[in-house]
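J.: Okay, sequence plus prediction incoming.
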Amino acid sequence: MTTEQLTKQHCEACQAGAPQVSDEELPTLLAQIPDWAAPVRDGVMMLEREFKFKNYKLAWAFANKVSTLAEEEFHHPAILLEWGKVTVTWWTHAIRGVHKNDFICAAKTDALLDAE
Ligand SMILES: C[C@H](O)[C@H](O)[C@H]1CNC2=NC(N)=NC(=O)C2=N1
């Protein structure tokens, strides 16, 4: 599956018991979002990327776009908004890890930049 295909997909409603991304799938999916890191915090894997901007207002506008994306997909990230920087972190709370949804949303988050 290509990055292009990830951005064209939509999140599925997921609840506890939904499958985390398997160790076999992980490398392939990570390769499609090369600017994202996959930190593990308190045993929970996440997808995280920092986006840099010239000032606070531009960072704020991007954070708003990510929030709109989240509502559209009904899948919600952590967003840290700072002067000139937005850190977006995707993971699936219901399964305490990363689901395919998180990769779809990370790819869609990158696509928001191209739309700027
Ligand atoms: C009630 C529950 O929070 C909702 O079903 C959705 C909302 N958005 C969500 N977003 C994320 N990242 N993980 C979830 O498990 C999740 N659950």
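T.: Done, it's in.
J.: buried ones in stretch 56-75?
T.: Neighbour counts over stretch 56-75 (16 or more other C-beta atoms under 10 Å) mark 59, 62, 63, 66, 69, 70, 73, 75 as buried. For every residue, glycine as well, the C-beta is placed using N, CA and C.
J.: Tell me if I'm right that residue 15 and residue 94 touch.
T.: Yes. If you go by C-beta atoms under 8 Å, residue 15 and residue 94 touch, sitting 5.3 Å apart.
J.: who's more crowded, those two?
T.: residue 94 (13 against 8; other C-beta atoms under 10 Å).
J.: Now for that one: which residues touch it?
T.: Counting by C-beta atoms under 8 Å, 6 or more residues apart in numbering, residue 94 makes contact with 14, 15, 16, 18.
J.: Can I get those in JSON lines including secondary structure, distance to residue 52 and pLDDT?
T.: As requested, these are exported to JSON lines (DSSP: H, G, I helix; E, B strand; the rest coil; distance: C-beta to C-beta, whole Å; pLDDT from 0 to 100):
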{"residue": "14", "secondary structure": "coil", "distance to residue 52": "31", "pLDDT": "79"}
{"residue": "15", "secondary structure": "coil", "distance to residue 52": "35", "pLDDT": "84"}
{"residue": "16", "secondary structure": "coil", "distance to residue 52": "36", "pLDDT": "87"}
{"residue": "18", "secondary structure": "coil", "distance to residue 52": "33", "pLDDT": "90"}
